[in-house]
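1. Just a sequence and a predicted model for now, questions to come.
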Amino acid sequence: MTRAVVIGAGFGGLALAIRLQSAGVETTILESRDKPGGRAYYWERATEAGTFTFDAGPTVITDPACLEELWNLSGNRMADDVVLEAVQPFYRLHWPDSTSFDYTNNDEILRAEIAKLNPADVAGYGRFLDYSAGVYREGYEKLGHVAFLDFASMVKAAPALAKYQAWRSVYSIVSKFVESEKLRQALSFHTLLVGGNPMTTSAIYALIHKLERDGGVWFAQGGTNRLVAGMVALFERLGGKLRLNDPVSKIETLGDRVTAVQTAGGYRQEVDQIAANADIMHVYRDLLPDSGAARRTAGKLERKRYSPSLFVVHFGVTGTWPGIPHHMILFGPRYKGLLDDIYDHGVLSEDFSLYLHHPTVTDPSLAPEGHSTFYALAPVPHMGKFTGDWETVKPILEKRILDEVGRRLIPDIHSRIVTKFSYAPTDFQHDLNAHLGSAFSLEPVLTQSAYFRVHNRDDAIANLFFTGAGTHPGAGIPGVVGSAKATAALMLEGYRTPVAA
């Protein structure tokens, strides 16, 4: 019987394990935390009013077809395990001058929203949509689920990348089509949801607009955690094994092959192949102590650019807020300047932009009756750029963020709060072994994409594989599920034609 181990029960690890188990590979997932999900962890907070459920994130589900495919592999239906609800508008964007913009795939509404900002940009948006559709075909449909293991694969992709000016940034490409600065922000902010700076992330990422437009934006009934639970249920139904609360302490190697995996709790399993859905630096630096090749790779990875971290305030309040949509972007007074501070200068700025998540407007069960659950998320520099004391910073930044939500949306917010807590870069580092507390692994610039990202199969260790945000194609649910598809194809091919020891 062929055996595989997947380290980490995030979306990438679960998607890969489901693919392997569906193909008859005896698969075990080893997860360090007490619940599956990785970055899609969740917390429950009991109060006198009742229990609040808080998703850690991600909270935006796009391309549900890539998830449905995981169930279809074994003749199952995703709807039997997970109920997805459409979210409209996708996002409401709000600026300090009180301008708002409802971002949707309803053409009539969207064009009216664009006309409010600048009537001349309606035609320009149409041209941008054509561009987005083109990069979606080339960058997502053709390349998003295929591994880039050698430079030749990058050369083959080069004509398409050149055709769509992949060397330009998303913001630069958007600016080519529309004049309104607010609309430029509205059409470029998406890269922040996968850890990229709109000013430097490859224009290929403009495909996200087409991805959302065609597939919609969805939310799992009960929270993103219920999508994780549904994936676990499918995996275990197929015969897969999930071990929780037992972090991997070592990946054993012999020559250029992985032979076994050990956990802190004393569990050991010999393997034919192993795949890591863990932080890439953690794997190479900490889990492969006997591999000289791994040490060399870790040294190279240390010199790469990493995505920022996040500061997230979770809070439950009295009252319901039907006027606040499920997803909001509260832009601050600066756009490029704030991005420069986060990505380049390592400055924790006085101002910030926020992503506000309000799941109870879609699913009231996530809070006690008559109450609401929110989180407010601010991108912040990772710990390699901002070296301040987060224990000191936490309460200060938390209050400033809640003050801003209060000023713009919920005037008496502080008196309404029933429960709250924050999640900082140090928590990403501690809970997820995230290098520098980065929330999205490697920054998605062109020189760290596709072949230039961590490969889905290691170059030197023949049966070591990767899935998740650090490998191709990158972060976000469709990205990591796509990485699992690419990695599964390599692993299954390895079982058909084993690499000689």
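-> Perfect, thanks for sending it.
2. Could you chop the protein up by domain?
-> Segmentation of the chain into domains, based on automatic domain parsing, reads 3-40+66-73+221-304+444-496, 108-218.
3. Deepest-packed of these, please.
-> domain 3-40+66-73+221-304+444-496 (a mean of 21; mean count of other C-beta atoms under 10 Å). Every residue, glycine included, has its C-beta placed from N, CA and C.
4. tell me the mean pLDDT over that domain?
-> For domain 3-40+66-73+221-304+444-496, mean pLDDT is 96.
5. start at 41 instead
-> Yep, numbering from 41; the last one is domain 43-80+106-113+261-344+484-536 now.
6. quick one on the thing from earlier: so which of the domains of the chain comes closest to His398?
-> For His398, the closest of the domains of the chain is domain 43-80+106-113+261-344+484-536, at 12.5 Å, according to C-beta to C-beta.
7. Extract the CA atoms of the strand or helix carrying Val433 and return them as CSV.
-> Assessed by DSSP states H and E, Val433 sits inside helix 430-448. The C-alpha trace of helix 430-448 is given here as CSV (Å, rounded to 0.1, in the frame of the first residue of the first chain):
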residue,chain,number,x,y,z
TRP,A,430,3.8,43.9,19.7
GLU,A,431,2.6,43.3,23.3
THR,A,432,2.9,47.0,23.9
VAL,A,433,1.5,48.0,20.5
LYS,A,434,-1.5,45.6,20.6
PRO,A,435,-3.9,47.5,22.9
ILE,A,436,-3.0,50.8,21.3
LEU,A,437,-3.7,49.7,17.7
GLU,A,438,-6.7,47.7,18.8
LYS,A,439,-8.3,50.9,20.3
ARG,A,440,-7.4,53.0,17.2
ILE,A,441,-9.0,50.4,14.9
LEU,A,442,-12.2,50.2,17.0
ASP,A,443,-12.3,54.0,17.2
GLU,A,444,-12.2,54.2,13.4
VAL,A,445,-15.0,51.6,12.9
GLY,A,446,-17.0,53.6,15.5
ARG,A,447,-16.3,56.9,13.7
ARG,A,448,-17.4,55.6,10.3
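8. Give the burial count for Thr99, as a bare number.
-> Residues near Thr99, counting by other C-beta atoms under 10 Å, number 23.
9. so it touches Asn265, yeah?
-> No - when contacts are counted by C-beta atoms under 8 Å, Thr99 is not listed as touching Asn265 (10.4 Å).
10. picking that back up, possible to save the domains of the chain as TSV with distance to Asp429?
-> TSV is the format used below for the domains of the chain (distance: least, C-beta to C-beta, whole Å):
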stretch	distance to Asp429
domain 43-80+106-113+261-344+484-536	23
domain 148-258	24
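11. For Glu390, which of those is the nearest?
-> Smallest distance to Glu390 across these (C-beta to C-beta): 19.2 Å, for domain 148-258.
12. now the end-to-end length of stretch 169-187.
-> Start-to-end span of stretch 169-187 (C-alpha to C-alpha, to the nearest Å) is 27 Å.
13. got a list of contacts for it?
-> Residues outside stretch 169-187 that contact it (C-beta atoms under 8 Å, 6 or more residues apart in numbering) are 193, 197, 200-201, 203-204, 213, 217, 243-247, 249-251, 253-254, 490, 495-497, 512-513, 518-519, 522, 525-527, 529-530.
14. likewise stretch 84-95?
-> With C-beta under 8 Å, 6+ apart as the criterion, stretch 84-95 contacts 80, 82-83, 262-265, 354, 356, 358, 397, 399, 405-411, 413, 415, 458-459, 461.
15. Among these, which ones are in strands?
-> Counting by DSSP state E, the contacts of stretch 84-95 place Tyr82, Trp83, His354, Gly356, Thr358, His397, His411, Thr413, Tyr415, Val458, Thr459, Phe461 in strands.
16. wait, isn't the first one in contact with Arg266?
-> No - in this structure, Tyr82 is not within contact of Arg266 by C-beta under 8 Å, at 9.1 Å.
17. The stretch 41-190 of the chain: strands as residue ranges?
-> For the stretch 41-190 of the chain, applying DSSP state E, counting those that start in this stretch gives strands covering 43-47, 66-70, 82-87, 90-95, 101-102, 124-126, 131-134, 140-143.
18. how about those strands, which one is nearest His475?
-> Of these, nearest to His475 by C-beta to C-beta is strand 43-47, at 15.5 Å.
19. Show me what that closest one packs onto, helices and strands only.
-> Applying 3 or more C-beta pairs under 8 Å, 6 or more residues apart in numbering; DSSP states H and E, one finds that strand 43-47 contacts helix 51-62, strand 66-70, strand 308-310, strand 313-316.
20. Using CSV, lay out those together with distance to Gly179.
-> Converted to CSV, these look like this (distance: least, C-beta to C-beta, whole Å):
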stretch, distance to Gly179
helix 51-62, 19
strand 66-70, 29
strand 308-310, 37
strand 313-316, 24
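21. of all these, which lies closest to Ser331?
-> Minimum separation from Ser331 across the helices and strands packed on strand 43-47 (C-beta to C-beta) falls at strand 313-316, 12.4 Å.
22. Residues touching the next helix or strand after that closest one, excluding its own?
-> Downstream of strand 313-316, the next assigned helix or strand under DSSP H and E is helix 320-322. Applying C-beta under 8 Å, 6+ apart, the contact partners of helix 320-322 are Ala338, Leu341, Glu342, Asn473, Ala474, His475, Ser481, Leu482, Val494, Phe506, Gly510, Thr511.
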